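Trainee: Give me the fold of what follows.
(one chain, ligands or ions: 1)
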Amino acid sequence: MKLIGSPTSPYVRKVRAVLAEKKIEYEFAVDVSGDENSVARWNPLGRVPVLILDDNTILFDSRVIVEYLDNLAPNNRLIPPPGRERIVVRRWEALADGICDAAVGAVMEGRRPATQQSAEWVGRQRATIARGLAACAEDLGEQAWCHGTAATLADIAVGVMLGYLTLRFPDIDWRGQHANLAKHYDKLMRRPSFADTAPPAA
Ligand code: GSF
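Mentor: Model (predicted):
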């Protein structure tokens, strides 16, 4: 299978971390985000990640892809079976992805011509990021993992979100404000699935 993505995208990193945790071989084809013409060949939404299966089936977005991958092999289950626990894990993913959505929105706004940028829009995205981080810190508390007794998709989604904030928003002091999130990220970075997929320095 072939994964189309950019090395800086948090959604792509989520998929790559799942591939690594599940020990699934794949080819990584780098396609820089925003290059709509090329990505839109596979995904009408023009976004990465896109996963092309060996039978040429095309999957997007990251939430669909990670569910496919987790079902592909029974080892290292990252998403619990249908039921309450699964909802808890997917809620974590929705929270972490939502923070990424706000962060990506603010980054994209910053790339528009200065005269067209809206400080109010960026302020709203930053407020969403701050509220989302506070919710993550509160829900994690002193637990070893976001849910249960081992790493799940919840931890992966939170981890890639924190890595993206570090890359794009060095002014957001999430480590200083939420010591438990800092500890969690450092713990995740000791896993090859995280260390090997860390975004290149901006
Ligand atoms: C979000 C993908 C996305 O925004 C998912 O796969 O989970 N809900 C989707 N991808 C960005 C790359 S990034 O900023 O991480 C993307 O492809 N942007 C290009 C564009 O033109 O929107």
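
Trainee: which parts of the chain sit against the ligand?
Mentor: Within the chain, the positions lying close to the ligand (CB under 6 Å from any ligand atom) are 9-11, 33-34, 36, 46-49, 61-63, 97, 104. In short, each C-beta sits where N, CA and C put it, glycine included.

Trainee: Name only those of the residues you listed that count as buried.
Mentor: When these are checked for burial by 16 or more other CB atoms under 10 Å, the buried set is 9-11, 33, 46-49, 61-63, 97, 104.

Trainee: Could you tell me which of the residues of the chain next to the ligand are located in strands?
Mentor: Residues of these located in strands (DSSP state E): none.

Trainee: Identify, from those, the entry nearest to residue 164.
Mentor: Nearest to residue 164 among the residues of the chain next to the ligand is residue 10, at 3.9 Å by CB to CB.

Trainee: Check which helix or strand the nearest residue to residue 192 once chain neighbours are set aside maps to.
Mentor: Nearest residue to residue 192, sequence neighbours excluded (CB to CB, 6 or more residues apart in numbering): residue 20, at 6.2 Å. Using DSSP states H and E, residue 20 sits within helix 10-21.

Trainee: So which elements touch that helix?
Mentor: The contact analysis (3 or more CB pairs under 8 Å, 6 or more residues apart in numbering; DSSP states H and E) places helix 10-21 against strand 2-5, helix 62-72, helix 84-110, helix 153-168, helix 192-195.

Trainee: Show me what secondary structure element comes after the longest one.
Mentor: In other words, helix 84-110. Next helix or strand after helix 84-110 toward the C-terminus (DSSP H and E): helix 119-140.

Trainee: With mean pLDDT as added columns, please give the helices and strands packed on helix 10-21 in a markdown table.
Mentor: Below are the helices and strands packed on helix 10-21 laid out as a markdown table (pLDDT from 0 to 100):
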| stretch | mean pLDDT |
| --- | --- |
| strand 2-5 | 96 |
| helix 62-72 | 98 |
| helix 84-110 | 98 |
| helix 153-168 | 98 |
| helix 192-195 | 97 |
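
Trainee: Go through these and pick out the most buried.
Mentor: helix 153-168 (a mean of 25; mean count of other CB atoms under 10 Å).

Trainee: tell me which residues of the helix or strand just after that one are tucked away?
Mentor: Per DSSP H and E, the first helix or strand lying C-terminal to helix 153-168 is helix 174-177. Neighbour counts using 16+ other CB under 10 Å place residue 174 of helix 174-177 among the buried residues.

Trainee: What of stretch 111-123?
Mentor: residue 122.

Trainee: Same question for stretch 17-36.
Mentor: 17-22, 31, 33.

Trainee: Nearest to the ligand, out of the residues you listed: which one, please.
Mentor: residue 33 (3.5 Å; CB to the nearest ligand atom).

Trainee: residues making contact with stretch 16-29?
Mentor: 1-5, 65-66, 69-70, 72-73, 75-76, 78, 151, 153, 156, 159-160, 191-194, 196-197 (CB atoms under 8 Å, 6 or more residues apart in numbering).

Trainee: same question, stretch 68-75
Mentor: Against stretch 68-75 from outside (CB under 8 Å, 6+ apart): 15, 18-19, 22-24, 51, 59, 77-79, 153.
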